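In: what's the 3D shape of this:
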Amino acid sequence: MRWALVKVCLAVTAMVVVAFAVPLGLVVKEMARDRAFSDAERQAATIGPTLSITTDRRELETAVLTTEPGGGGRMAVHIPAADETDSRPLEIGVGHATRADLSTVRKAGRASITEVPGGFALLQPTALGSGDVAVVEVFVPEDEVSNGVATAWLVLAGVGIALVFGSVAVADRLGVRMVEPAQRLAGAAHDLGEGRLGTRVVEEGPTELRSAAAAFNSMADQVVQLLANERELAADLSHRLRTPLTVLRLNAASLGESPAAEQTRAAVQQLEREVDTIIRTAREQRPQTQGLNGAAGAGCDVSEVIRDRMAFWSALAEDEGREVSLAGVDRMVRVPVARPELVAALDALLGNVFRHTPETTAFAVDVHLSGDAVIVLVSDAGGGIADPQAALARGGSGRGGAGAAVGSTGLGLDIVRRVVESTGGDLRIGDSVLGGTEVCLRIGLGGRRPERDRRRHRGDRGRRGAARRNATFRKRPGRV
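Out: Residues are numbered from 1 along each chain as shown. Reported below is the predicted structural model:
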């Protein structure tokens, strides 16, 4: 399309240049010719007053030599014989015209231009006092007739070539302006078809392409929203099952050793395996549903969500004799995370505490606001994670020496990591001041941040937050 536009513009410009340059060149040639003959007529007219006064050879020769063409040997005066007895006409200067041409001009009584070897001769009839007609001849060389024509034609040719190249350059830029947005739109449609749902098109270019880009972005947003709704529904359903399933498994463990208890525990294990299969399938088929800026939803109040989830888990914590601390949730703190996603992330972390630490193990949840981010700390006094980096690398949620629990889907930390990274934050696992594991969620408030900026925030901020949380834990023990 781009080269087709360039070819069309080249053809049109060439036609316009030819249509204007050729007639203009002919006009320039005619103007040079007219200028040369007008100058010759003016020079011939200067001899008229002398001829009207005298026909003396010496005086006429002097008059002819005083003119520019006469001094150059390009003017002649032809005076007919005075009477029939004197048949010798008076010829002054060097003539180029034939006698027939001179006779024709005398009879016609008007100036004439005739072609002679080497140029043209202007023949100007002039009446004498005796009644005869003399002819003043001015020779105009051929190069004088075309003087300046070649230069003018070269200038016209240069201007025409410049116009052609300029039009090609302009057409190329216009083609780029039209073709590149179309290519980007086609590439974005291809990427969207391959499942890269974060693809969007910059709305630029001609009006039609901007409208097409806006329609494409709107369509992609609707697709993303539909898939996000399905994913949130699947995630919500799976976690709604995992949370009461954890309580059911813990209660089944306290039923004793009867056959009914064994059957109950086996059924719970089977149910856990089925739920794990559903969760794995949902995670494998989960699409990337972030938009241009990686926004993770309309946002929610992190304090309200934490209070709600802690109220849910506090009953089980009380049954197991766990001491719980909650701090930093006394004010509204909005984060750019959809509520179902934040609920899923918190349930995953708190579920890990109950599944992988012994009963009576204390834990705490603290919230800190740190300028461009919200820090959520989930700490416990359990045995810790042997290899935190490996756990983060595979998205595992296991505890203990092996770093992974039996039956773990690896979804817990992976859900949390995806949630915080969608806001430009990060997830870290370290040692808690309670003696166990501390999981630090840094939820960004200003969109995605470069990796080097995120690394700068991984310094001692977590340690300062842990110290504040430890002080809070000691001052405010109790159950939620």
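In: not counting sequence-adjacent ones, nearest residue to residue 88?
Out: Once flanking residues are discounted, residue 88 sits nearest to residue 81: 6.0 Å by C-beta to C-beta, 6 or more residues apart in numbering. Placement of C-beta: from N, CA and C, glycine included.
In: which is the next helix or strand following the helix or strand hosting residue 350?
Out: In this structure, residue 350 sits in helix 339-356 according to DSSP states H and E. Going down the chain from helix 339-356, the next helix or strand is strand 363-370, by DSSP H and E.
In: what are the buried residues along whatever helix or strand comes next after that following strand?
Out: Next helix or strand after strand 363-370 toward the C-terminus (DSSP H and E): strand 373-380. Neighbour-count burial for strand 373-380, counted by 16 or more other C-beta atoms under 10 Å, picks out 373, 374, 375, 376, 377, 378, 379, 380.
In: what does stretch 351-364 give?
Out: For stretch 351-364, the neighbour count (16+ other C-beta under 10 Å) marks 351, 352, 353, 354, 355, 356, 357, 361, 362, 363, 364 as buried.
In: can you tell me which two in those are farthest apart?
Out: 355 and 364 (17.5 Å; C-beta to C-beta).
In: wait, what's in contact with the spatially most central residue of the chain?
Out: In the chain, the centroid-proximal residue (C-alpha atoms, centre = their mean) is residue 202; its distance is 6.8 Å. For residue 202, the contact set (C-beta atoms under 8 Å, 6 or more residues apart in numbering) comprises 181, 184, 213.
In: nearest to residue 95 among those?
Out: residue 181 (75.8 Å).
In: separation between the closest one and residue 188?
Out: 10 Å (C-beta to C-beta, to the nearest Å).
In: show me the common contact partners of those two, please.
Out: residue 201.
In: low-confidence regions, the stretch 351-480 of the chain specifically.
Out: Where the stretch 351-480 of the chain drops to pLDDT under 70, the residues are 393-412, 446-480.
In: picking that back up, and the buried residues of stretch 351-364 as a markdown table, adding distance to residue 37?
Out: Shown next, in a markdown table, are these (distance: C-beta to C-beta, whole Å):
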| residue | distance to residue 37 |
| --- | --- |
| 351 | 108 |
| 352 | 107 |
| 353 | 111 |
| 354 | 114 |
| 355 | 112 |
| 356 | 112 |
| 357 | 115 |
| 361 | 117 |
| 362 | 117 |
| 363 | 112 |
| 364 | 111 |
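In: picking up where we left off before, which SS class is the residue nearest to the centre of the chain?
Out: Following DSSP: H, G, I helix; E, B strand; the rest coil, residue 202 is assigned to coil.
In: could you report the pLDDT at it?
Out: As predicted, residue 202 sits at a pLDDT of 84.
In: ok, back up a step: which member of the buried residues of strand 373-380 is positioned nearest residue 113?
Out: Taking those together and measuring to residue 113 by C-beta to C-beta, the closest member is residue 373, at 95.6 Å.
In: how about that closest one, what does it touch?
Out: Here residue 373 is in contact with 425, 442, 443, 444, 445, 457 (C-beta under 8 Å, 6+ apart).
In: and residue 442, by the same measure?
Out: Counting by C-beta under 8 Å, 6+ apart, residue 442 touches 370, 373, 374, 375, 420, 425, 426, 427, 428, 457.
In: how about the helices in the stretch 1-150 of the chain?
Out: All helices of the stretch 1-150 of the chain, identified by DSSP state H, counting those that start in this stretch, fall at 2-45, 48-53, 57-65, 68-71, 99-108, 142-145, 149-193.
In: of those, flag the one that's most buried.
Out: helix 68-71 (a mean of 17; mean count of other C-beta atoms under 10 Å).
In: just the residues contacting that helix, thanks.
Out: Residues contacting helix 68-71 (C-beta under 8 Å, 6+ apart): 40, 43, 63, 64, 65, 75, 93, 138, 139.
In: now do it, average pLDDT.
Out: The model assigns helix 68-71 a mean pLDDT of 80.
In: roughly how far out does it sit from the chain middle?
Out: Distance, stretch centre to chain centre, for helix 68-71: 71 Å (C-alpha atoms, centre = their mean, to the nearest Å).
In: can you tell me how far the residue nearest to the centre of the chain is from residue 172?
Out: With the distance defined as C-beta to C-beta, residue 202 ends up 21 Å from residue 172.
In: and for residue 154?
Out: 27 Å.
In: with residue 257 instead?
Out: In this view, residue 257 and residue 172 are 85 Å apart by C-beta to C-beta.
In: per-residue confidence for residue 205?
Out: 76.
In: contact partners for it?
Out: Contact partners of residue 205, counting by C-beta under 8 Å, 6+ apart, are 177, 178, 180, 181, 182, 213.
In: which one of those is nearest residue 317?
Out: Ranked by distance to residue 317 (C-beta to C-beta), the contacts of residue 205 are led by residue 213 at 52.6 Å.
In: that closest one belongs to a strand, doesn't it?
Out: No - under three-state DSSP, residue 213 sits outside any strand and is assigned helix.
In: tally of neighbours for it?
Out: Residue 213: 21 surrounding residues under other C-beta atoms under 10 Å.
In: just give me the closest of the contacts of residue 442 to residue 8.
Out: Of the contacts of residue 442, the one sitting nearest to residue 8 (C-beta to C-beta) turns out to be residue 425, at 53.3 Å.
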